[in-house]
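Chemist: sequence? don't have it. structure:
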């Protein structure tokens, strides 16, 4: 059977595949420590659920504007002003079926065949494949632990060509937890502004999860010039434990927002209507839920990193944000004779019943990503099993 070349260019999401393996083993009754899934283990707050239920009772079950209701887009504008110092109008906002959908729309709106997108490695697994689906070229900019998994401004400047269309920023970063400092963002903004046809897509989905007194800074907040070159992408999945609700959004210069809305109008049309009503409640009256979640994950972060560093052949840098430990298992792989990090993942799954994701999927061979969005008991038991298995 002949399939479209665009489908052949991409691969299934490795994180989703790893999570599916874990679910299959759990279904067999195996006592599994699942550290694969990139979603909060907390439940969505009741006040958000009640807002959705009320919307259903009031008959909010019809189509909305493709880019989201006026009420939702106004709420997003208020959130961006309050939390990020960014002023947008509702016609610059496009609400989508998750931040992933917003990213997809942005690439579809900006990337033509042969255009290049700069992606900082380690990267979220879906970025390169989204670019490939646009017939674009992902250009990987590598980083190391020595630079905190952040690029230098020189690396960015050297990677730009006359075909570079987008610089993709993800801070806080999945999988490394790297948080980009204001100074670095200012240097990068000045580089971007030297190139007339270059835009920034800033994925800020983990913005509420930063630790040790660090500050999340949106590159769009630095000045109006860089804001006019930036598409800010965010959502409610991580901040309010709403992964399954599928509600994300983008804020962009109006011509780009219009183009993204046009793409969306021919795919999903609008995000789910009653979810939009719940999102308005979350954005306007967030309460202390994001802060309590951050405090909880901060304790878990320190627990898992300390436990991993106590394992012979493993080294783990303390993440600055998000909820992943990105651990260097290269020494353990070499000592035990594993072919690569994929083989190590399979070994830990089968031998220790601990599910992780191979670093190669994120552009970092020899590393493993371990989500600490799970209970402290699970994290302690997972570390114990890994240590014993190795």
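Modeler: Noted; the coordinates are in hand. Not measured: the values here are computed from a predicted model.

Chemist: Figure out the helix or strand that the closest residue to residue 284 other than its chain neighbours lives in.
Modeler: In space, and not counting its chain neighbours, residue 284 is closest to residue 75: 5.3 Å by C-beta to C-beta, 6 or more residues apart in numbering. C-beta here means a position set from N, CA and C on the backbone, and glycine is covered the same way. Assigned by DSSP states H and E, residue 75 belongs to helix 70-84.

Chemist: For that helix, buried residues please.
Modeler: 72, 73, 74, 75, 76, 77, 79, 80, 83, 84 (16 or more other C-beta atoms under 10 Å).

Chemist: With respect to residue 208, which of the residues you listed is nearest?
Modeler: When those are compared for distance to residue 208 (C-beta to C-beta), residue 83 wins out at 8.7 Å.

Chemist: what's the nearest residue to that closest one if we skip its chain neighbours?
Modeler: residue 207 (7.6 Å).

Chemist: For the helix or strand of the chain with the lowest mean pLDDT, which helices and strands make contact with it?
Modeler: For the chain, the helix or strand with the lowest mean confidence is helix 14-27, at a mean of 77 (criterion: mean pLDDT, DSSP states H and E). Applying 3 or more C-beta pairs under 8 Å, 6 or more residues apart in numbering; DSSP states H and E, we find helix 14-27 packed against strand 33-34, strand 354-355, strand 357-358.

Chemist: picking up where we left off before, which residues does the residue nearest to residue 284 contact?
Modeler: Residue 75 makes contacts with 279, 280, 283, 284, as judged by C-beta atoms under 8 Å, 6 or more residues apart in numbering.

Chemist: Name the member of those with the most neighbours.
Modeler: Counting neighbours by other C-beta atoms under 10 Å, residue 279 leads these with 31 neighbours.

Chemist: Report the spatially nearest residue to that residue, omitting neighbours in sequence.
Modeler: residue 247 (4.9 Å).

Chemist: do the same with residue 148
Modeler: residue 178 is the one closest to residue 148 (C-beta to C-beta, 6+ apart), at 5.6 Å.

Chemist: where does the one you found fall, helix, sheet strand or coil?
Modeler: Assigned state for residue 178: coil (three-state reduction, DSSP: H, G, I helix; E, B strand; the rest coil).

Chemist: Correct me if wrong: it contacts residue 324.
Modeler: No - at 10.6 Å, residue 178 does not count as touching residue 324 under the criterion of C-beta atoms under 8 Å.

Chemist: any idea how far the closest residue to residue 193 other than its chain neighbours lies from residue 192?
Modeler: Excluding the flanking residues, the one nearest residue 193 by C-beta to C-beta, 6+ apart is residue 225, at 5.8 Å. In this view, residue 225 and residue 192 are 9 Å apart by C-beta to C-beta, to the nearest Å.
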